[in-house]
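> Coordinates only, no sequence provided:
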């Protein structure tokens, strides 16, 4: 087995980033997990990120703050209610981009991951963007990821010296059900994760926001039980 | 005169970003200034940014925090001493990239500016990168800026809907002396600014770091007196 190479993985505490990280681990990467607090209201995700990082046995878990509340523009960083009970029809979020879209979020996340990767002498970033999200969020599309890889070469000292960065998106072509099946096959414990945009005061999922609805449908289609849901 | 268009300008409190902002203002932009605190040691820059924003009469000055100390990799975000008394020979910083390089810094700064621009329905970002810096810092080069413009289209809801973002770099081809001459011609008060990487406890420039040395040479070549220096 080759020696493990360091990779920086963006870890939110959600189901997707946990699965993406675990897949990268099976490919031989030594994980350096980066969790970015961005003034989001669902702070329960941060506790979930700590649990997930521990379960994965990452080499290091770095948490950093970026305050996006002043910038606004998203129901995830403001007091605007997140939408609930929407008809998600074909499994994607509606064609009009959801109010949960955070402007330029993945650009900012990947730029921080890139900075850390350069310091670690790593050439590999891992992000859990997927097919369900990218129909609504522009910065989850393959063409965005490819453009960021090109930018990374130009943006860094390592790139100037000849390095090429790879952004691994192991979930990008998978449905939520396929992601869950893959994760369960790897033995992941999804009770550690947190996906809800608008949890109850005690941190339980609302079961009505887009994220809860897509998660529930994913477990149903995967023929599995969501350990976060009792009934 | 056409109605002013909003632009997001990255304002550090240094001489360059003040001049870049003032030039954008002469081009009819209404300035929204963004200052990013990144755990840098030269916190005096932040006070300078407030003074400069006030002097420019910006529409809004937003300050936000991004903690890069956990990431490390730069003498500006760690306890490593900044280099001083270096031979800056031809006016550029040495060919080996300085320890003051902050990994992926401008990528992160521009991504935050992009997020705010999208919220403001602005298509214009302004950054004071220049010819002196880009010989050492990869993320000050024209090809980096062009790559970020392409990324911005793919990264945002506005881009998906057809918008194109422009990153204005009015200083990119100017020497420090030319920047100072341009700013003085616009009536800028450089006593408001702060450039030093390693100021004294009372906030006075060290006059020995790269930034102080390049600033002093710029004023000398411009045939002007630096109002921050008494003698």
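The structure has been received and is ready for your questions. For clarity, every value in this text was computed on a predicted model and none was experimentally measured.

> partners of the strand ranked longest in chain A, with directions?
Ranked by residue count, the top strand of chain A under DSSP state E comes out as strand A:29-37. Strand pairing for strand A:29-37, determined by DSSP bridges: strand A:5-10 (parallel), strand A:60-65 (parallel).

> Any regions of chain A where pLDDT drops low?
A:1-3, A:40-43, A:73-83, A:85-100, A:131-135, A:231 (pLDDT under 70).

> State which helix of it is the longest.
Assignment by DSSP state H gives helix A:105-120 as the longest helix of chain A.

> can the helix or strand just after that helix be found next to chain B?
Counting by DSSP states H and E, the element after helix A:105-120 in chain order, helix or strand, is strand A:124-126. No. Shown here: strand A:124-126 not in contact with chain B (CB under 8 Å from any CB of the partner chain), separated by at least 10.9 Å. All C-beta spots, glycine's among them, are computed from the backbone N, C-alpha and C.

> what's the offset of strand A:124-126 from the middle of its chain?
Centroid separation between strand A:124-126 and its chain, computed with CA atoms, centre = their mean, to the nearest Å, is 12 Å.

> for that strand, packing partners?
Strand A:124-126 sits against strand A:5-10, helix A:15-26, strand A:29-37, helix A:105-120, strand A:166-168, with contacts defined as 3 or more CB pairs under 8 Å, 6 or more residues apart in numbering or on different chains; DSSP states H and E.

> so who does the most far-flung residue of chain A relative to its centre touch?
Distance from the centre of chain A peaks at residue A:161, with 29.8 Å (CA atoms, centre = their mean). Shown in contact with residue A:161 (CB atoms under 8 Å, 6 or more residues apart in numbering or on different chains): no residues.

> any idea how far it lies from residue A:32?
21 Å (CB to CB, to the nearest Å).

> Figure out which of the helices and strands packed on strand A:124-126 is closest to residue B:71.
Closest to residue B:71 of the helices and strands packed on strand A:124-126, according to CB to CB: helix A:105-120, at 4.6 Å.

> angle of the closest one against helix B:105-120?
Angle, helix A:105-120 to helix B:105-120, by axes from the mean of the first three to the mean of the last three CA atoms, to 10 degrees: 170 degrees.

> Any part of helix A:105-120 near chain B?
Yes. Counting by CB under 8 Å from any CB, chain B has neighbours in helix A:105-120: A:105, A:106, A:107, A:108, A:111, A:112, A:114, A:115, A:116, A:118, A:119.

> And stretch A:200-220, end to end?
23 Å (CA to CA, to the nearest Å).

> where exactly do the helices run in chain A?
A:15-26, A:44-56, A:105-120, A:131-134, A:142-155, A:157-160, A:176-185, A:210-222.

> could I get the ones you listed as JSON lines with mean neighbour count?
Formatted as JSON lines, the helices of chain A follow (neighbours: other CB atoms under 10 Å in any protein chain shown):
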{"stretch": "helix A:15-26", "mean neighbour count": "24"}
{"stretch": "helix A:44-56", "mean neighbour count": "20"}
{"stretch": "helix A:105-120", "mean neighbour count": "25"}
{"stretch": "helix A:131-134", "mean neighbour count": "22"}
{"stretch": "helix A:142-155", "mean neighbour count": "21"}
{"stretch": "helix A:157-160", "mean neighbour count": "20"}
{"stretch": "helix A:176-185", "mean neighbour count": "19"}
{"stretch": "helix A:210-222", "mean neighbour count": "20"}
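
> between those helices, which one is nearest to residue A:195?
Closest among those, once you apply CB to CB, is helix A:210-222, at 4.8 Å.

> The closest one to helix A:176-185, inter-axis angle?
70 degrees.

> quick one: helix A:210-222 to chain centroid distance?
16 Å.

> elements contacting that helix?
helix A:176-185.

> Which residues does the helix it packs on contact?
Counting by CB under 8 Å, 6+ apart, A:15-16, A:18-19, A:22-23, A:91, A:130, A:132, A:171, A:174, A:190, A:214-215, A:217-222, A:224 sit against helix A:176-185.

> Report the angle between that helix and helix A:15-26.
50 degrees.

> Residue A:142 reaches residue A:172, doesn't it?
Yes. Counting by CB atoms under 8 Å, residue A:172 is a contact partner of residue A:142 at 6.1 Å.

> tell me the contacts of residue A:196?
Contacts of residue A:196 by CB under 8 Å, 6+ apart are A:42, A:44, A:204, A:205, A:206, A:207, A:209, A:211, A:212.

> which one of those residues is nearest residue A:67?
Of all the contacts of residue A:196, residue A:42 has the smallest distance to residue A:67: 15.6 Å, by CB to CB.

> contacting residues around the closest residue to residue A:145 other than its chain neighbours?
What sits nearest to residue A:145 in space, not counting adjacent residues and going by CB to CB, 6 or more residues apart in numbering or on different chains, is residue A:167, at 5.2 Å. Residues in contact with residue A:167 (CB under 8 Å, 6+ apart) are A:110, A:125, A:126, A:127, A:145, A:148, A:149, A:152.

> Tabulate the residues you listed in CSV, adding columns for distance to residue A:185.
Converted to CSV, the contacts of residue A:167 look like this (distance: CB to CB, whole Å):
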residue, distance to residue A:185
A:110, 28
A:125, 24
A:126, 18
A:127, 21
A:145, 25
A:148, 29
A:149, 28
A:152, 31
